[in-house]
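Engineer: Sequence first, then the predicted structure:
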Number of protein chains: 4
Amino acid sequence: MRDVASEHDLRGITIRRVGVRDIHLPLRVREKDGGHARVVGTFDTSVELAHYHRGTHMSRFVEILARWSKKDVGSAEIREMLHEIRDRFQARAAALTLAFKYFLSKPAPVSGIPSDLDYDCWFAGRLEEESYEFRLGATVPITTLCPCSKEIAQFGAHSQRAHLRVSLVQDDEHIVWIEDLVPLLEAQGSAALFPILKRSDEQHVTEAAYANPKFVEDVVRDAVLAIRELPGVVRFTVECESFESIHNHNAYAYTEVETT
Amino acid sequence: MRDVASEHDLRGITIRRVGVRDIHLPLRVREKDGGHARVVGTFDTSVELAHYHRGTHMSRFVEILARWSKKDVGSAEIREMLHEIRDRFQARAAALTLAFKYFLSKPAPVSGIPSDLDYDCWFAGRLEEESYEFRLGATVPITTLCPCSKEIAQFGAHSQRAHLRVSLVQDDEHIVWIEDLVPLLEAQGSAALFPILKRSDEQHVTEAAYANPKFVEDVVRDAVLAIRELPGVVRFTVECESFESIHNHNAYAYTEVETT
Amino acid sequence: MRDVASEHDLRGITIRRVGVRDIHLPLRVREKDGGHARVVGTFDTSVELAHYHRGTHMSRFVEILARWSKKDVGSAEIREMLHEIRDRFQARAAALTLAFKYFLSKPAPVSGIPSDLDYDCWFAGRLEEESYEFRLGATVPITTLCPCSKEIAQFGAHSQRAHLRVSLVQDDEHIVWIEDLVPLLEAQGSAALFPILKRSDEQHVTEAAYANPKFVEDVVRDAVLAIRELPGVVRFTVECESFESIHNHNAYAYTEVETT
Amino acid sequence: MRDVASEHDLRGITIRRVGVRDIHLPLRVREKDGGHARVVGTFDTSVELAHYHRGTHMSRFVEILARWSKKDVGSAEIREMLHEIRDRFQARAAALTLAFKYFLSKPAPVSGIPSDLDYDCWFAGRLEEESYEFRLGATVPITTLCPCSKEIAQFGAHSQRAHLRVSLVQDDEHIVWIEDLVPLLEAQGSAALFPILKRSDEQHVTEAAYANPKFVEDVVRDAVLAIRELPGVVRFTVECESFESIHNHNAYAYTEVETT
């Protein structure tokens, strides 16, 4: 059988990323306490394709991912996966994103009843010659209560669900766990969300949000201040998008920070 | 050229709906004042396929839709389209759904500044032998403010964006316009949404919502009472889904009503 | 604290479904071989609300789901959950849908290399007075290769990914496992999909699809014939939607069957 | 009324983008022939917020967009809108993305029957001090037919729908119209898509695709070669994502090009 993908290419164009996307696999993600969480991962992975190769053998990506899906995966394993991918494809650069829902148990604020909340998280690694970058990402749902609405209204203030989304890079000596990042981010909204709230809990979160009004601008700035305190953070992005209850559109704030 | 789709089928199975879906076409929808609104429509249309035909000539659907997309379309035209489709395919039954964003201008509650809000609407027709049914559907964004939260909290009450979705059938003598249905539905929330709100307007909607707390159950019941008053309504469904600001899940209520 | 949700309601309107939607929880689904698969479930659950109650205590749903998410869940457990929900809410009727990605290992057709493919599945139960109905649903990706295109073209025939979606009800004595339903459905397309295909495998699936051209109408009819053979099937729906490679819209066929 | 958003901020953090997202408005986009197309636009617009301002007056964005939605909009108007936004907010930088479905009429390849195909397009502008950048983006659906599958199979070759997505920046002297960009991109697939295909047309596109097999890598390289020929192109990105008919995941290739 002739191998068309291995043919020599004459167009002279290197392609930055060639790969597979939207692959679903069950896998285990390392937890802070040494255990692992079982998640359903969605992968997007690629290599740089040198100008002289016509194509990539896409099935190899799936073989590599399938093998790693039997192990516990954390930032160190993402690095190993990228080295394996790069070697297997003899590529100059390789990249991988793994997105998954992650669950953390949290007690209701007054009754203490524990329940599991879901967070959309992702690992994103990129290996390019000698340089390696790993990003941890998380989208944390929060409540925002509008400071302007509170100020001008005699009673009440509009609130809504919002998403606080962070993606961060640390230096080689440090690692932040999802278990630590999520509570840090939840603390930046007007209030945090909970799956189960008894009436005493609902009273608490309602009053807490009213006492702590925040624009999306406030949430982003407070998140910047908090993330800067994490050890070894090199750079990060923060975005807050608020699904305004008085509008049919969203308010948002986004920024990028280099910590030097 | 042999026409495979026209072959005789021996499996003995009539198929209820065979057609095309997710076709996008610009078109004109009749407005209440006699004019028309230009919308981008998404069509889903089908015929019943008799057991003795192997297949349907799908391109005919697109030809028919393309021709109608040059005219003003309202409930009467949906009926004509369905008759044309049924005749062209020599089918016992035909169905069509046309979904589109519809814009209505509304003044801000205090400043009076007008702005256009978008509503997801749809027409759904079904023709089956002598029986014809036409449904008008609309999803209207509203604010819900939680009665329980207001009752138990010393200050404030959580609010959020919610969707009130209605689909209704009237008898042959009556027709309700989107222009009339949407304001009727917006009046059932704790407050309505607006694209532009100056500070005096924001004060108004904040205080209005706080003065008018509603569960999704309340919104649905009040919508049932309001829709029942429309002339000639034969049956309808109502659903309210509230994107709770204190949870990462939604509260909803749904019911079906036959008015006899 | 006054309990607003428990107030007496005077509007006289019973609501068919009041509940929570889009709740995510990790859980274990019973496998055919007696083990369990760990999945991420999305729940939608509700009760009928009698006309004299103003509201529902939504947090109870989450408490019940959270408890069941620690156990192995199959059709029998869905029934138990519904009984528990109905009792806890003192409701006449209760309903629950649990959707999840389910993975099945399958060998490539020639090389035999095993890999895990993902299927969108769901359990849907409804309890209403003495009547109980359980539906198993699955969306199976397949290849469709167009018979018309093959017939009229000198070389080749267009093919594409399609979704075959089935939802079925069996009598109390029978149960079909996802492990059995999925391969049955995959056999109805022009060819099945695989995560990993080496070149010999790709040759096989290409030639298999070309030898087995099918319209969406063919897929639905063949699926009807196959599902009818399952023991104890009372009623089912079948839909095939094909993401046509020559159009920017989809072809589809849908039917409902009562087996009496 | 105290204006909370205008307060002085002491956190010392400039935010790169603060604004509104997911605003829908009907508007008119300039056509190549001097007319205009009526589209439904989705806006995302923002300004940089200086470190000493607490918040932004979000309603101003909506007022500005609403006013422009009454005019014909093209790249020149996006620039004017951004200048107006920047001035109104006294900001150092402003950005705006406007996404819309655009329809182009095309004749079927043999029968010549014309029909309108929809393309997802967008304008993205960014104004930062003296620098201005305008990007035109389009996602064009195409057919890809796999060269490997054709080579190794005795008959047939798998094909599928794919998306070719391009975003490009030109210098100030040049402008490419969607009307010219889209056909250029459609020519890079194995075959183009059409809403209406009679049997003679279907024969044509089937045979054309079989005669012209392409990997996503081929599509991206050929698109790079074609876009480079457009006058005044400064930089662009190209991505092809193919919804493989033999897999439940997608193949993709992406690259970025600076033309110097």
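Structural biologist: Okay, I see it.

Engineer: show me the contacts for the closest residue to residue A:56 other than its chain neighbours.
Structural biologist: Take residue A:56 and drop its neighbours on the chain: the residue closest to it by CB to CB, 6 or more residues apart in numbering or on different chains is residue A:18, 4.6 Å away. Every residue, glycine included, has its C-beta placed from N, CA and C. Taking CB atoms under 8 Å, 6 or more residues apart in numbering or on different chains, we find residue A:18 in contact with A:46-49, A:55-56, D:216-217, D:252-254.

Engineer: List phi and psi for residue A:18.
Structural biologist: When read as degrees, to the nearest 10, the backbone of residue A:18 gives phi -130, psi 130.

Engineer: how about the residues of the stretch 101-250 of chain A near chain D?
Structural biologist: Residues of the stretch 101-250 of chain A lying close to chain D (CB under 8 Å from any CB of the partner chain) are A:147-148, A:151-152, A:215-218, A:220-222, A:224-225, A:241, A:248-250.

Engineer: what separates residue A:208 from residue B:206, distance-wise?
Structural biologist: Distance of residue A:208 to residue B:206, computed by CB to CB, to the nearest Å: 19 Å.

Engineer: Now do stretch A:219-233: distance to the chain's middle.
Structural biologist: Between the centre of stretch A:219-233 and the centre of its chain there are 15 Å (CA atoms, centre = their mean, to the nearest Å).

Engineer: Going by neighbour count, which residues of it are buried?
Structural biologist: Residues of stretch A:219-233 classed as buried: A:219-224, A:226-227, A:230, A:233 (neighbour count, 16 or more other CB atoms under 10 Å in any protein chain shown).

Engineer: Now the residue of the stretch 51-200 of chain A found nearest chain C: closest residue in space that isn't a chain neighbour?
Structural biologist: Nearest to chain C in the stretch 51-200 of chain A, going by CB to the nearest CB, is residue A:118, at a distance of 4.1 Å. Sequence neighbours aside, residue C:24 is the residue nearest to residue A:118 in space, at 4.1 Å (criterion: CB to CB, 6+ apart).

Engineer: Quick one: residues contacting that neighbour.
Structural biologist: Counted by CB under 8 Å, 6+ apart, residue C:24 has contacts A:101, A:103, A:118, B:248-249, C:40-43.

Engineer: List the strands paired with the helix or strand where it lies, with their directions.
Structural biologist: For residue C:24, the enclosing helix or strand under DSSP states H and E is strand C:15-30. Note on strand C:15-30: by DSSP bridges, its sheet partners are strand B:250-258 (antiparallel), strand C:36-49 (antiparallel), strand C:72-73 (parallel).

Engineer: of all these, which lies closest to residue C:13?
Structural biologist: strand B:250-258 (7.3 Å; CB to CB).

Engineer: Mind exporting the C-alpha coordinates of that closest one to PDB?
Structural biologist: This file holds the C-alpha atoms of strand B:250-258, laid out as PDB (Å, rounded to 0.1, in the frame of the first residue of the first chain):
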ATOM      1  CA  ASN B 250     -31.500  25.900  36.500                       C
ATOM      2  CA  ALA B 251     -34.900  25.900  38.000                       C
ATOM      3  CA  TYR B 252     -37.800  25.300  35.600                       C
ATOM      4  CA  ALA B 253     -41.500  24.800  35.300                       C
ATOM      5  CA  TYR B 254     -43.400  23.500  32.300                       C
ATOM      6  CA  THR B 255     -47.000  22.800  31.600                       C
ATOM      7  CA  GLU B 256     -49.400  22.100  28.800                       C
ATOM      8  CA  VAL B 257     -52.900  23.500  28.600                       C
ATOM      9  CA  GLU B 258     -56.000  22.600  26.500                       C
END
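
Engineer: ok, residues contacting it?
Structural biologist: B:215-217, B:219-220, B:224, B:227-228, B:234-244, C:13-22, C:46, C:49, C:58.

Engineer: and the gap between residue A:45 and residue C:169?
Structural biologist: 41 Å.

Engineer: Which of the two has more residues huddled nearby?
Structural biologist: Of the pair residue A:45 and residue C:169, residue A:45 is the one with more neighbours under other CB atoms under 10 Å in any protein chain shown, namely 22 against 17.

Engineer: Strands along the stretch 1-150 of chain A, start to end?
Structural biologist: A:15-30, A:36-49, A:72-73, A:93-107, A:114-128, A:131-145 (DSSP state E, counting those that start in this stretch).

Engineer: Output the ones you listed as JSON lines; include the columns mean pLDDT.
Structural biologist: As requested, the strands of the stretch 1-150 of chain A are exported to JSON lines (pLDDT from 0 to 100):
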{"stretch": "strand A:15-30", "mean pLDDT": "97"}
{"stretch": "strand A:36-49", "mean pLDDT": "97"}
{"stretch": "strand A:72-73", "mean pLDDT": "96"}
{"stretch": "strand A:93-107", "mean pLDDT": "97"}
{"stretch": "strand A:114-128", "mean pLDDT": "97"}
{"stretch": "strand A:131-145", "mean pLDDT": "97"}
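
Engineer: which one of these lies closest to residue A:7?
Structural biologist: Nearest to residue A:7, of all these, is strand A:36-49, at 12.4 Å by CB to CB.

Engineer: Please give the element, helix or strand, for residue A:181.
Structural biologist: Of the helices and strands defined by DSSP H and E, residue A:181 is found in helix A:178-186.

Engineer: just checking, what packs against the following helix or strand past that helix?
Structural biologist: Sequence order places strand A:191-192 as the next helix or strand after helix A:178-186, per DSSP H and E. Packing partners of strand A:191-192 (3 or more CB pairs under 8 Å, 6 or more residues apart in numbering or on different chains; DSSP states H and E): strand A:131-145, helix A:199-211.

Engineer: So if we follow the domain assignment, how does chain A break up?
Structural biologist: A:1-105, A:140-260 (automatic domain parsing).

Engineer: Return the most buried member of those.
Structural biologist: Highest mean neighbour count among the domains of chain A (mean count of other CB atoms under 10 Å in any protein chain shown): domain A:140-260, with a mean of 21.

Engineer: mind checking how far it is from the chain centre?
Structural biologist: Using CA atoms, centre = their mean, the mean C-alpha position of domain A:140-260 is found 15 Å from that of the whole chain.

Engineer: Kindly check the end-to-end length of that domain for me.
Structural biologist: Domain A:140-260 stretches 26 Å from its first residue to its last (CA to CA, to the nearest Å).

Engineer: show me what contacts residue A:208?
Structural biologist: Contacts of residue A:208 by CB under 8 Å, 6+ apart are A:109, A:190-191.

Engineer: and the stretch 51-200 of chain A, which of its residues are near chain C?
Structural biologist: So the stretch 51-200 of chain A meets chain C at A:59, A:62-63, A:66, A:69, A:101, A:103, A:113, A:115-116, A:118, A:195-200 (CB under 8 Å from any CB).

Engineer: let's see it at 10 Å
Structural biologist: A:57-63, A:65-66, A:69, A:100-103, A:105, A:108, A:111, A:113-120, A:194-200 (CB under 10 Å from any CB of the partner chain).

Engineer: Residue B:174: which of the domains of chain A is closest?
Structural biologist: Nearest to residue B:174, of all these, is domain A:140-260, at 28.9 Å by CB to CB.

Engineer: how close does residue A:220 get to residue D:228?
Structural biologist: Residue A:220 is 39 Å from residue D:228, by CB to CB.

Engineer: Relative to residue B:175, which of the buried residues of stretch A:219-233 is nearest.
Structural biologist: Closest approach between these and residue B:175, by CB to CB: residue A:219, at 46.6 Å.
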